[in-house]
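Peer 1: below are the sequence and a predicted model for it; my questions follow.
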2 protein chains.
Amino acid sequence: MDKNIPYKTYLSEDEMPRQWYNMRADMKNKPAPLLNPGTHKPMTAEELSVVFCDELVQQELDNTTAYIDIPQEILDFYKMYRPSPLVRAYCLEKVLDTPAKIYYKFEGNNTSGSHKLNSAIAQAYYAKKQGLKGVTTETGAGQWGTALSMACAYLGLDCKVFMVKVSYEQKPFRREVMRTYGASVTPSPSETTEVGKRILAAHPGTTGSLGCAISEAVEVAVGSEGYRYVLGSVLNQVLLHQSIIGLETHAAFKKLGVKPDVIIGCAGGGSNLGGLISPFMGEKLRGEADYRIIAVEPASCPSFTRGKYAYDFCDTGMVCPLAKMYTLGSNFIPSANHAGGLRYHGMSSTLSQLYADGLMEAVSVEQTSVFAAAEQFARTEGILPAPESSHAIRAAINEALRCKQTGEEETIVFGLTGTGYFDMVAYQKYNDGVMSDYIPTDEEIAESLSKLPKID
Amino acid sequence: MDKNIPYKTYLSEDEMPRQWYNMRADMKNKPAPLLNPGTHKPMTAEELSVVFCDELVQQELDNTTAYIDIPQEILDFYKMYRPSPLVRAYCLEKVLDTPAKIYYKFEGNNTSGSHKLNSAIAQAYYAKKQGLKGVTTETGAGQWGTALSMACAYLGLDCKVFMVKVSYEQKPFRREVMRTYGASVTPSPSETTEVGKRILAAHPGTTGSLGCAISEAVEVAVGSEGYRYVLGSVLNQVLLHQSIIGLETHAAFKKLGVKPDVIIGCAGGGSNLGGLISPFMGEKLRGEADYRIIAVEPASCPSFTRGKYAYDFCDTGMVCPLAKMYTLGSNFIPSANHAGGLRYHGMSSTLSQLYADGLMEAVSVEQTSVFAAAEQFARTEGILPAPESSHAIRAAINEALRCKQTGEEETIVFGLTGTGYFDMVAYQKYNDGVMSDYIPTDEEIAESLSKLPKID
C-alpha cells in the first residue's frame, strides 16, 4: 500500500463542508428552464410553490449563487452519518493487477442505504421550517422513500409514501423499514386518489409505475392543507444538496495530496453523479483543472448514450413540468428484467447541458456484466453494493483494466452510492445463472421518441 | 453538544490496536476447562485439534498470555471496515431528556452487518495459514455465516455453511448474501451427513435446530481432508478476537478524555459482550479502575439471570465438549416467538466465571420492550438496529432514564453489535402490533436443568 494513503479517509467534523456548491453558477450555458406543460412558458416561482416548498423553489431556480449555506440543523443531522469515507480499493487493485489507483466514495453507511438521505433531510428540513405538516413522495426501488421516512421521523414531520405496487408487494422489507420510521406507505395505484381510481378503473390488474405514483403523490400534496411534494433526483435542488458528496471527496483528496484523473458515477436521474462531480466540474468550468468525467447508465435504459436532447415530460402521467434533457421519451418503459434502479427515462437538466457541451462522457453497461463486477467487488472489498452503484464499479474496473493494458498509473474515483441488502432477489437471479440482458432496439427508442411534446 | 466531543470518534489507522487482549490472563479464578464428554477429563490440545485449527486451539487453552499480536494480514482486513466509530448519541440523549451521556460502539458498518466479522477473519486466516482447504460452520439467524463467507471469499478458502432449515427457508436473502460470497449453504438437517440422515429419519418434518446444524458441520469437518470446524461465539478464542471492539472503545475514550461509568452489552453466547468489556474488565481485575458492567439477555432465554452455573453440553446433540457455564440446560429451547438471536442455552465460560465472581451484573428484558427501544433508537439516531443489539439499547435507555430520575450525569456506553436489515419480519410483527412476550416458567427451566450431565 502507498505509505501515506490509508484504506479509509474520513474528514474530521471540523473539516466537513458547511456550504453546498451550485454548479449552475459556473456554467456558461445554463440548464434550460422547466416549462409549464400548458403554456410552454418557463415555470414561475409562484407556479412551482404550489407543489414544492418555497425555499426549495428558490434553490431550483437559482442559477447564479455558487455557494449556499447548509443550515445548522442539517449539518447536525449530517454528522450522524457523515462524513462518509473515501476508500482506497487496495484489495481490488491487487486482484485486478492494475497500476491504476482506485478510490471510492462510500455513501452506504446509513440505514437508508444510500446517498438519498443527503437531500431527504434538506427537503424535509425546509418543509418543517415552512411550518408544513408533512410531505408526500413516490418510491420505486425504495431507497428514496426510506431516506425521506428517516428524515421525517427525525424532524417529527408526517411522511406519505406512494410505493409502486409491484415493489410494495415484492419488497416488503423496504416497506417495513419505512413503517418503522413512522411513514405511511400506500401501494400505487390506490383508491386514495382520483388519479389512482381512474387508473385502476382503466387497468384493473396494473402493478403500477413510477409515473403513476408521482401523479398520486402530487395530487395528495396539492390537495392537502400543509403538505408539499418532494422528489429524490433529477431536480436542480437535489443536485445542490448532493454536492456534499463531491465536496467531501474533493476535500479528502486535497488532504491526501492526490488529484484524480477519472471520476465515475452511475446515472439514473443524476442525483449521485451530479453531486459527486460538482466541485470537480466547477474547476473544469472555471478552467482551473481538467478531469475525465464518466456517467454510467444501464444498456437497458440508455438516455445519455441513445436518447435525444429535447423537452419532455418528467412523468409518464404528463402532469409535471416539461424539462429539457436527454430522454428516451416519457412513455419509454425499461425491460422488466432490469434489476436495479436507474430506470428513469430522462436525466437531470443540468447534467444534460454539461453532456451536450462535451464536458462529460457517458457509457452504457449491460446488467450481467454489472453483477459480475458487483460480485467481484463484494468478494474483494467486502461491501455488497447496490445494483445501481455497481454500474459505476463496472466502469471503474473497465478503466482500471485499460490502465493495465497501457501501464498508465491513473487515479480513478467512483461513487459507491449504496448497499444491496434489499436487492437480494436480483443477486439470487445472478447467483442462479438466470439473469439476462436486454437492450432496446433502435425501433423501440424511435417509437418512444416520436411522441415527444412539440415545443416551439 | 459537548464542545470537545464529536458525534463520531474514529481512531486513525495508526491508533488501531495491534494486539488482542486476553482477559483470562488477569483473572484470579480462571474459567473452568472444557471437558471430554466421555472421560470428563479436561480436553487436550490434541483432542481439540481434530476439530479446530492448531493455532486456535492454542488460543483457546491459553489462560496466561495477556496480549497476542494480531497478524498483519488480519490487521489489513480490519482496515477495510475498522476502526468502527464510537458514537455519542446526542439525539437520543435529547429525546430522553437525560443528564446521562450516552455512547455506543457501532459494529454494523460492514456487509456481514455485525461484529462477527472480527473473529471470522481471524479463524479463516489461521485455517488458511495451516494449509487447509476450507472450514465448516453452522448459522442460525445468519450473521455468523455471512461473516465467515466474507472472510473465506477474501482468503480464497472454501466455506460450507449448515443453515438451520427454518432460517434457510424464511431468510432467503441472508442465504443469497452467503452465496454471493461463494459459500455453499445447506439447509440443516440434510441428507449430506450421517447425523442429518438419522435426524431426518426420526423426525421427517423437522425444521432443524442450531444443535443439529453444529453436529452436521462438525461431522463434515472431522470427516473431510483439509477441513476444520469454526464457531462464532461462546469460545475463549472468539472473545479474544472480539477484544478489538473493547480495545478500540477504550482507546477512543482515552482520546476523548472520558471515562465511562456503565458498560452494557447484549449477551447470547457472549462474543460481543466479552469483546466490548475486555480492557475495562482487565482494569477492574487489576484493581486499576472500576466500572459497572451489565449483560443484557432476553427474558425468553435468561441463562445468566435464571440459569445454573454448572457443566453442560455446548450443543443439543451432546457431541461437543462439556463447558462450565450459566446454562438453562442443553435441551432448553427458547420460545419460537422470540425474534432475534441470543437464543443460546448457555454462555461463555469466561463471562460465566466473571459473573459468578460478582464482577458483572446481568438483566433480562422482554421482547416488545426491546423493539420499542429499537424503534425509538432508529427514529432518533437513524440506525435500524439488529434485534440482538436492541437488548443493549433497551438497557442503556433504562439506565439513562434512571439518571434522569436521580439527576446523575453518568457516562453510559453500549455495544451496538449490528443492523437489522435482514430482520424485517420481526419488525413487521412489531409494527403490526402482533408481537408478544414469552417468559419461561420456573417449572420449564427446572425440567430442563434436571437433565444436566453429572460431573464428579
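Peer 2: Perfect, I can see it now. Residues are numbered from 1 along each chain as shown, chains lettered A, B, ... in the order given.

Peer 1: so for stretch A:282-291, mean pLDDT?
Peer 2: Mean pLDDT, computed over stretch A:282-291, is 98.

Peer 1: ends of that stretch, what's the gap?
Peer 2: Start-to-end span of stretch A:282-291 (Cα to Cα, to the nearest Å) is 11 Å.

Peer 1: okay, buried residues for it please.
Peer 2: A:282, A:284-285, A:291 (16 or more other Cβ atoms under 10 Å in any protein chain shown). Bear in mind the C-beta positions are built from the backbone N, C-alpha and C, glycine included.

Peer 1: return the closest of those with respect to B:G38.
Peer 2: Of all the buried residues of stretch A:282-291, B:G38 sits closest to A:Y291, with 69.0 Å by Cβ to Cβ.

Peer 1: let's have the buried residues of stretch A:282-291 in JSON lines, adding distance to chain B and secondary structure.
Peer 2: Formatted as JSON lines, these follow (distance: Cβ to the nearest Cβ, whole Å; DSSP: H, G, I helix; E, B strand; the rest coil):
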{"residue": "A:G282", "distance to chain B": "28", "secondary structure": "helix"}
{"residue": "A:K284", "distance to chain B": "32", "secondary structure": "helix"}
{"residue": "A:L285", "distance to chain B": "34", "secondary structure": "helix"}
{"residue": "A:Y291", "distance to chain B": "27", "secondary structure": "coil"}
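
Peer 1: can I get those in a markdown table including distance to B:A356?
Peer 2: A markdown table is the format used below for the buried residues of stretch A:282-291 (distance: Cβ to Cβ, whole Å):
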| residue | distance to B:A356 |
| --- | --- |
| A:G282 | 64 |
| A:K284 | 67 |
| A:L285 | 69 |
| A:Y291 | 63 |
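
Peer 1: please name the nearest non-neighbouring residue to A:V319.
Peer 2: A:S215 (5.7 Å; Cβ to Cβ, 6 or more residues apart in numbering or on different chains).

Peer 1: what's around that neighbour, how many residues?
Peer 2: Neighbour count of A:S215, defined by other Cβ atoms under 10 Å in any protein chain shown: 27.

Peer 1: please give the element, helix or strand, for it.
Peer 2: helix A:210-223 (DSSP states H and E).

Peer 1: following element in sequence after that helix, please.
Peer 2: Next in line after helix A:210-223, if elements are assigned by DSSP H and E, sits strand A:227-229.

Peer 1: does the helix or strand just after that following strand reach chain B?
Peer 2: Note on strand A:227-229: by DSSP H and E, the next helix or strand toward the C-terminus is helix A:236-256. No - Helix A:236-256 lies apart from chain B when judged by Cβ under 8 Å from any Cβ of the partner chain; the minimum separation is 12.3 Å.

Peer 1: now the element after helix A:236-256, going C-ward?
Peer 2: Counting by DSSP H and E, the next helix or strand C-terminal to helix A:236-256 is strand A:262-266.

Peer 1: ok, that following strand: who's next to it in the sheet?
Peer 2: Sheet pairing of strand A:262-266 (DSSP bridges) gives strand A:292-298 (parallel), strand A:411-416 (parallel).

Peer 1: and it, how far from the chain's centre?
Peer 2: Centre-to-centre, strand A:262-266 and its host chain are 13 Å apart (Cα atoms, centre = their mean, to the nearest Å).

Peer 1: can I get it as CSV, trimmed to CA atoms?
Peer 2: Presented in CSV, the C-alpha positions along strand A:262-266 are these (Å, rounded to 0.1, in the frame of the first residue of the first chain):
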residue,chain,number,x,y,z
VAL,A,262,-11.1,10.0,-13.9
ILE,A,263,-14.4,10.5,-12.0
ILE,A,264,-17.1,7.9,-12.5
GLY,A,265,-20.7,7.8,-11.3
CYS,A,266,-23.9,5.8,-12.1
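
Peer 1: pLDDT wise, what is A:P385 at?
Peer 2: So A:P385 comes in at 97 (pLDDT).

Peer 1: any stretches of the stretch 201-350 of chain A with poor pLDDT?
Peer 2: A:316-317, A:337 (pLDDT under 70).

Peer 1: find the nearest non-adjacent residue to A:I293, please.
Peer 2: A:M360 (4.1 Å).

Peer 1: so what's the one you found up against?
Peer 2: By Cβ atoms under 8 Å, 6 or more residues apart in numbering or on different chains, the contact list for A:M360 reads A:277, A:281, A:293-295, A:351, A:354.

Peer 1: give me phi/psi at the nearest residue to A:A217 once chain neighbours are set aside?
Peer 2: Spatially, and ignoring its direct neighbours in sequence, A:A217 is nearest to A:T136 (4.3 Å; Cβ to Cβ, 6+ apart). Torsion angles at A:T136 (phi, psi; degrees, to the nearest 10) stand at phi -120, psi 150.

Peer 1: let me see the contact set for A:T136.
Peer 2: A:159-162, A:217-218, A:220-221, A:224, A:227-230.

Peer 1: top of those residues by number of neighbours, please.
Peer 2: Neighbour-wise, the contacts of A:T136 (other Cβ under 10 Å) top out at A:F162, 32 neighbours.

Peer 1: so that residue is in which element?
Peer 2: With elements taken from DSSP H and E, the one containing A:F162 is strand A:158-164.

Peer 1: right, and A:Q237 touches A:L56 too?
Peer 2: Yes - here A:Q237 reaches A:L56: they are 5.0 Å apart, a contact under Cβ atoms under 8 Å.

Peer 1: nice, that's everything, thank you.
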